[in-house]
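Novice: got a sequence here, can you build the structure:
(2 chains)
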Amino acid sequence: MIGSADASMLLRAQVALSGLLALPAKEAMYFTAKTDSAGRSLDGRCTYELTVPNIPARWWSVTAYEREGWLIRNPEGQYSASSGQFTQAAKKMIAVGPVPPVGPVPWTGGFISTGGVTGFDLTLRVYHPAADLLAHPETAKLPLIERAICP
Amino acid sequence: VTRRWLVPGAAAVAIGVSAYVATLIATPFVLMRIAEARVGAQAGVNHFAFGPMTTAQNQTIIRPSPDLSYSICVFQIPEEGYVLIEVAPVPGHYWSVSVFDARTDAAAVRTDRDTGGKAAKLVIHRRPTSGQAHLGYDTAPEGYEPVPVDYDRGIVLIRILLNDKSEFAVIDAVRRKSSCAAAT
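Specialist: Model prediction:
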C-alpha cells in the first residue's frame, strides 16, 4: 500500500509527487476528488454542498488544494473541515466556495474556502480506518459533492 | 453518484503509464532531497524543527494538512552509530511518528494507539548486511525499538492532530519535549 516498502515504483513516484511523506493506509487513507458528483471539474468560483456520510474511522478531514497540491490563500484561513466539528448523529454538510455562506443556509457546519481560484481538488483524509474500509477502499461511502451556485 | 473520488491506486496507474521508468525511480529521491533541504535549512540534521500550523503563506511541502502540527527531523546516521528518536505523548490527541528513508518509503510508523499513550522510542540504524554480527544499535540504551533502514538519510515526521487551532500553544509546549539525536 501507499508509503510502504512494497509499493511499486509507479505508486511510489505518484505518492512522492502528490503526497510526499504520506502515511501507510492502515494509519491514513487519502482520497482525492477533482470533479463534482455530476462529473464536472471543480471550479473555485462556484459554491458546492459537500455531504459527508458516516465514515468508519477515528477521524476524517476534507481539505481543498490548488494546482499540484497547495493550500489556497483565502482571507478566512479556512482550508479544511473535519469530523471534530460534527456530532456523530449530525448530518454533515459543508459549504465549499469562494466566500462563507450568509443568511439561512442548509449547511450544518463547516466552510472550506476555494479562494475563487478556477480549479481545485478536495482531499479526504481518513485516519485509523475501520478494517472493512481498509480492506475494500473501492466500496467506501464517500462525500457527495453537489454544485449549488455557479456564476 | 459518489464514485467521483479517486481511490489512490487507480490514480497512480493513470498517471504512471505516461512516465518513463527512470524518472519514476529518480523522482522520490529528488523530491526527498528537496524536502530535506527545505526542512534542514530550519533546524540542521538530527534535530527536530517544530513548525507552525501550515497555512497558504508558509507551506513548503505539497498537500500539507492544516489540521496537524508537524515536527520534522532530517536524520543522518553517523558512520559508527545510530539516531535516537523519542516522541513525547500528547494525551487525548491522535499523534504519530513516521520514519521515511531516502526513497520515501515508510520504515516505521507508531501512533498513540500503538504505544498505548506512552512515549514512542525508536533507534534508527543501518540494516545489517547478511552475516554481519554488528547490528548497528548494540550500544543503544534499552527500551528503544529498532528501525532498520537501507539509506543513511531520511526524515522523521511527528503529526499531532489539533481538535481546535486554539490548542496550538499547549500542544507546542508538549511536543518540544520530543528529541532526535545522533549517537555513537
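
Novice: need the strands for chain B, in chain order.
Specialist: Assigned by DSSP state E, chain B shows strands spanning B:5-6, B:48-50, B:68-76, B:82-87, B:95-101, B:106-111, B:120-126, B:145-149, B:153-161, B:179-183.

Novice: what sits against residue A:79?
Specialist: A:63, A:64, A:71, A:72, A:112, A:113, B:55, B:56, B:66 (C-beta atoms under 8 Å, 6 or more residues apart in numbering or on different chains). C-beta here means a position set from N, CA and C on the backbone, and glycine is covered the same way.

Novice: which residues touch the fifth one?
Specialist: Residue A:112 makes contacts with A:50, A:62, A:63, A:64, A:78, A:79, A:80, A:81, A:94, A:95, A:96, A:122, as judged by C-beta under 8 Å, 6+ apart.

Novice: ok, and the most crowded of the residues you listed?
Specialist: Neighbour counts for the contacts of residue A:112 peak at residue A:96, which has 29 neighbours (criterion: other C-beta atoms under 10 Å in any protein chain shown).

Novice: next one: the helix or strand encompassing that one to chain centre, how far?
Specialist: According to DSSP states H and E, residue A:96 maps onto strand A:92-97. Taking C-alpha atoms, centre = their mean, to the nearest Å, one finds strand A:92-97 lying 11 Å from the centre of the chain it belongs to.

Novice: after it comes which helix or strand?
Specialist: strand A:111-113.

Novice: report the mean per-residue pLDDT for that next one.
Specialist: For strand A:111-113, mean pLDDT is 94.

Novice: partner strands of that strand and their direction?
Specialist: Here strand A:111-113 is paired, per DSSP bridges, with strand A:92-97 (parallel).

Novice: nearest to residue B:91 among the contacts of residue A:112?
Specialist: residue A:80 (23.6 Å; C-beta to C-beta).

Novice: least confident secondary structure element in chain A?
Specialist: The helix or strand of chain A with the lowest confidence, counting by mean pLDDT, DSSP states H and E, is helix A:9-18 at a mean of 45.

Novice: continuing past that one, what's the next helix or strand?
Specialist: As assigned by DSSP H and E, the chain's next helix or strand after helix A:9-18 is strand A:28-33.

Novice: any residue of that next one touching chain B?
Specialist: Yes: against chain B, strand A:28-33 shows contacts by C-beta under 8 Å from any C-beta of the partner chain at A:29, A:30, A:31, A:32, A:33.

Novice: re earlier: the strands of chain B: which one's closest to residue A:127?
Specialist: With C-beta to C-beta, the closest approach to residue A:127 among the strands of chain B belongs to strand B:153-161: 7.4 Å.

Novice: who touches that closest one?
Specialist: Applying C-beta under 8 Å, 6+ apart, the contact partners of strand B:153-161 are A:21, A:23, A:59, A:127, B:32, B:35-36, B:39, B:48, B:65, B:67-77, B:85, B:87, B:90, B:93-102, B:107, B:124, B:171, B:175, B:178, B:180.

Novice: low-confidence bits of chain A, can you list those?
Specialist: A:1-21, A:103-109 (pLDDT under 70).

Novice: the same query, at a cut-off of 90, please.
Specialist: For chain A, applying pLDDT under 90 flags the ranges A:1-32, A:67-68, A:76, A:84-93, A:100-110, A:133-141, A:149, A:151.

Novice: now do the contacts for residue 97.
Specialist: Using chain A here. Contacts of residue A:97 (C-beta under 8 Å, 6+ apart): A:44, A:46, A:47, A:48, A:111, A:113, A:114, A:148, A:149.

Novice: actually it's chain B I care about, not the one you picked
Specialist: Residues near residue B:97 by C-beta under 8 Å, 6+ apart: B:85, B:87, B:108, B:109, B:110, B:111, B:120, B:122, B:156, B:157, B:158, B:159.

Novice: what two of the residues you listed are the furthest from one another?
Specialist: Top of the distance list for those (C-beta to C-beta): B:122 and B:159, 15.0 Å.

Novice: may I see the buried residues of stretch A:28-42?
Specialist: By 16 or more other C-beta atoms under 10 Å in any protein chain shown, the buried positions in stretch A:28-42 come out as A:28, A:29, A:30, A:31, A:32, A:33, A:36, A:37, A:42.
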